[in-house]
Every structure is written in C-alpha cells, then in structure tokens.
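*Asks:* What follows is a predicted protein model with its sequence.
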Amino acid sequence: MHTSTGSTAMGTATVDLRAIAHNLRVLSDVAGAGVLAVVKADGYGHGALPVARTLVDAGAVGLGVAHITEALALREGGIDAPITSWLHAPDTDFEAGIAADVDIAVSSTRQLAAVVDAAGRRGETATLTVKVDTGMNRSGVARDEWSDFVDAFARARAAGAVRLRGVMAHLACGDEPANPVNDAQAAALTAAVADLRKTGAIAELVHLANSPAALTRPDLAFDAVRPGIAVYGLNPVPQHSDADLIPAMTLRTRVSLVKKVAAGEGVSYGHTFVAPVDTVVAVIPVGYADGVPRALSGRLRVRIDGRDFPGIGRICMDQFVVDLGPDGGGVGEGDEVTVFGTGIDGGPTAREWADLTDTIDYEIVTGIGPRIARRYLGGLP
Ligand SMILES: *Cc1c(COP(=O)(O)O)cnc(C)c1O
C-alpha cells in the first residue's frame, strides 16, 4: 500500500485502525472472553483516542489505563465506555475520576480511604476495582494487608461510598505459559474474589490475563482478558502462539538528501562507518528523539521502493544515514522510506528493532516521539 506521509512532520506513524479492530476480535476468539483493552501511554504510542474509539466500536467490554488523567482525556474525547485506571500517585485527588465515572482500581487501604473521602466530598458512590497482589509484588493490595483491606472495603461499601465493579491482578510470568506462578496467581485471585463475596460484594468483571496469557492460557481468562500489546498487533509470545495479529503501526519518512561519499570517507559522528568504496548515501530525517534507538546504529535497515538499504554510522537525534550503494539504488530525494512496519512484505519491524537492541517491541512503539505525526487508516479518528 502506498500512502503519503501527508503532513509537514518529518515522519509519520500510520496506524491502521482496521488492524486494531481485527486484533481485538482475534484476542476475544482465542481467549473465549471479553476484552478490556489497554490504551495507556497514549495507546502504546498509537494515539489513545482513535484507538479507544475503534476498540469500543469493535466490542471491547472496557478500556484500561494507568493514570486517571489518561482516563479523563478519553472522557473528554467522548469515550463513555467503562474505563479502569490502576496507578495513582500518593496525593491523587480522586474526585475528578469519580465525577467522570472512572472505575478506580485501588492497591491499598490508603488508596481506598482516599477514594472514600473523595466520594464523600462529592456525595457520590465511587466505582471501584480491587487490584490484588497475587504474586507480582508490584501494584495491588499486599497479601499482609488483605484482611484489613477487606474489612475497610466492606465498611465503605456498606456506607454507600463505593460499589464493586471489578477484581483484577497482574501476571508476573504471563509470557511463560507453563510457569506454575501463573496458576498460583490465578488461584489467589479466585480466593480474593471469594473473600469479597463473603462481604456481599459480587464483582461484575474479574480479569487477570495480559497479552501473552490471553494468547496462550484461555483457562485463565476469567470474565475478560486485559491485553495491551497484542491489541496493537505485536505478539509477545511468537514461540507459543501463531494468532493472526496484524501490526497496526507503520513508521515512514522521506529521503531528505542524497549525496556521494568517496571511498575512505567517514559518515556521521565519530566516523564509525568508513566507506570502503565510492558510494551514494541518503539522509533519513528521523532520529533517536523520534524513537529510532541510537543502539541501532549500523544495525538497522530501511525499505525504499521495496528494497532494503542498511543504516551506516551513528544514529543522531534527528537523522541517520543509509548506504544506497555505488549506483545510488535509483533512490531520489523525497522518496518514501519505511522505517518499520507490518513486516508482511519482509520489511523491517518493531520486533526486529527490539531484538537487535535487546528490548521488547513495547518499548519501540511507546518510544515513537511527539514530532512524528499520527495518521489513521480505516476509521474516524
Ligand atoms: C500494561 C498492563 C497490561 C497490558 O499488558 P500487555 O503485556 O501489553 O498485554 C495489563 N494489565 C496491567 C495492570 C498493565 O499494567
């Protein structure tokens, strides 16, 4: 597919919303459950609002974000589907979240008290999810705090300050489907749901599974799965799942300059690349400030008109250089460059970048910077 970058930005991340909708259906089918789709961190760099609209239209049972401010931005954008928010600063004022009917996931008795306080000031009942620490030892109500928490929760509920929407926990080893930690965490979640039920509180939505578990452990799906990265078409467990996910983001730019470099000349900072023969190079006007990791210096490839060209020398803040070869490869200034994309045509992918730099593709897509324009296919952003 040939698309114009179509803006004055140097680079464009084209996000195919049809792929997002498709991936949601795939996840729901594979897990056999509803999907509470995670759109934190600006929809993993894809643009939270257009992605959220697409997901709600495609049947997501709800949306998940880390910060309440992310939930409020979605509300301001017209999203009225359930939104769960689960990471709060110690001084968070929960009033705005309650006013916007955000499902607030609490991780401690202190957070519960702050929500109860805010609900009291507003004279409203807060919608609550209980986030249980079942072994991740990150967020979630700590195990030694659990019975006190349940008592405080029961009092708050009896007083009409909170109503229970969900119970959630997060897997530490979801990307290892056979790891017994997954089963232990699921059992602990089931026990927590039962403890809350003993107080008369029945959760509408119990959820545990992140993307890797949604793809590999349908038995751990509870009422809904809670994937993020797979919604965007990136498979965190390709060795365990061949689910038909379609990467939604393609990062493109245009050749800004073509020039000759003589044999023996160095290219870019530090001259880490020295031309072995007379050659022609192209300047690609995106750099590490835009999310092209500097650690990819001399290791990445780009696609121009269906052909691969290697990056040479150091990646800079705003640009890097590729070798077009002695004949210039027929490439001219203004030609479209795919920096990474779906990989369907054998071109570079976010996964390839992650593998080359010893990280995960989550970090690649969330790292695409603010100078990169977002453009949407197949939806109403
Ligand atoms: C980010 C996050 C997810 C989504 O994880 P993926 O691996 O992207 O599927 C789910 N739940 C919680 C609590 C998270 O923080």
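*Replies:* Cool, the structure landed. Numbers count the residues shown, from 1 in each chain.

*Asks:* Could you pull out the helices in the stretch 151-300 of the chain for me?
*Replies:* In the stretch 151-300 of the chain, the helices defined using DSSP state H, counting those that start in this stretch lie at 180-198, 211-216.

*Asks:* For whatever residue of the stretch 1-150 of the chain ends up closest to the ligand, give me the pLDDT.
*Replies:* Of all residues in the stretch 1-150 of the chain, residue 38 sits closest to the ligand, with a separation of 4.2 Å (C-beta to the nearest ligand atom). The C-beta positions use only the backbone N, C-alpha and C, and glycine is treated the same way. Note for residue 38: predicted pLDDT of 98.

*Asks:* With residue 379 instead?
*Replies:* At residue 379, the pLDDT recorded in the model is 71.

*Asks:* Can you tell me which of the helices of the stretch 151-300 of the chain is packed in deepest?
*Replies:* With neighbours taken as mean count of other C-beta atoms under 10 Å, these reach their highest mean count in helix 211-216, at a mean of 27.

*Asks:* what packs against it?
*Replies:* Using 3 or more C-beta pairs under 8 Å, 6 or more residues apart in numbering; DSSP states H and E, the elements in contact with helix 211-216 are helix 17-31.

*Asks:* Sheet partners, orientation included, of the next helix or strand after the helix it packs on?
*Replies:* The first helix or strand that comes after helix 17-31 along the chain, using DSSP states H and E, is strand 34-38. For strand 34-38, sheet partners with direction are given as strand 62-65 (parallel), strand 224-225 (parallel), following DSSP bridges.

*Asks:* Please put the alpha-carbon coordinates of the first one into PDB.
*Replies:* What follows is the C-alpha trace of strand 62-65 in PDB, where atoms were taken according to Å, rounded to 0.1, in the frame of the first residue of the first chain:
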ATOM      1  CA  GLY A  62     -13.900  -1.700  28.600                       C
ATOM      2  CA  LEU A  63     -10.600   0.200  28.400                       C
ATOM      3  CA  GLY A  64      -7.700   0.200  30.800                       C
ATOM      4  CA  VAL A  65      -5.200   3.000  31.500                       C
END
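
*Asks:* Enumerate the residues of this protein near the ligand.
*Replies:* With the criterion set to C-beta under 6 Å from any ligand atom, the chain comes near the ligand through 38, 40, 86, 170, 210-211, 226-229, 236.

*Asks:* Let's see that with 8 Å instead.
*Replies:* 38, 40, 44, 64, 66, 86-87, 131, 139, 168, 170, 174, 210-212, 214, 226-231, 236, 362 (C-beta under 8 Å from any ligand atom).

*Asks:* Check the gap between the residue nearest to residue 72 when sequence neighbours are not counted and residue 156 for me.
*Replies:* In space, and not counting its chain neighbours, residue 72 is closest to residue 100: 5.6 Å by C-beta to C-beta, 6 or more residues apart in numbering. Look at residue 100 and residue 156: by C-beta to C-beta, to the nearest Å, they are 20 Å apart.

*Asks:* quick one on the thing from earlier: pull the number of nearby residues for the spatially closest residue to the residue of the stretch 1-150 of the chain closest to the ligand that is not a sequence neighbour.
*Replies:* Using C-beta to C-beta, 6+ apart and skipping residues adjacent in sequence, the residue nearest residue 38 is residue 228, 3.4 Å away. Look at residue 228: counted by other C-beta atoms under 10 Å, it has 21 neighbours.

*Asks:* Look at the closest residue to residue 293 other than its chain neighbours and say how many residues are nearby.
*Replies:* Distances taken as C-beta to C-beta, 6+ apart put residue 357 closest to residue 293, at 5.0 Å, once the chain neighbours are dropped. Counted with other C-beta under 10 Å, residues neighbouring residue 357 total 16.

*Asks:* Show me where the protein dips below the pLDDT cut-off.
*Replies:* Counting by pLDDT under 70, the low-confidence segments of the chain come to 1-7, 380-381.

*Asks:* Can you give the domain ranges for it?
*Replies:* Under the assignment named as the TED database, the residue ranges that make up the domains of the chain are 17-231, 249-348.

*Asks:* that older thread, show me the contacts for the residue nearest to residue 293.
*Replies:* Each residue near residue 357 by C-beta atoms under 8 Å, 6 or more residues apart in numbering is listed here: 293, 295-296.

*Asks:* Can you get me the start-to-end distance on stretch 86-105?
*Replies:* 5 Å (C-alpha to C-alpha, to the nearest Å).

*Asks:* Touching that stretch from outside, list them.
*Replies:* Counting by C-beta under 8 Å, 6+ apart, 62, 64-68, 71-72, 75, 82-85, 106-107, 110-111, 114-115, 117-119, 121-122, 124, 126-131, 139, 165-166, 168 sit against stretch 86-105.

*Asks:* which of those are buried?
*Replies:* If you count burial by 16 or more other C-beta atoms under 10 Å, the buried members of these come out as 62, 64-68, 71-72, 75, 82-85, 106-107, 111, 114-115, 118-119, 126-131, 139, 165-166, 168.
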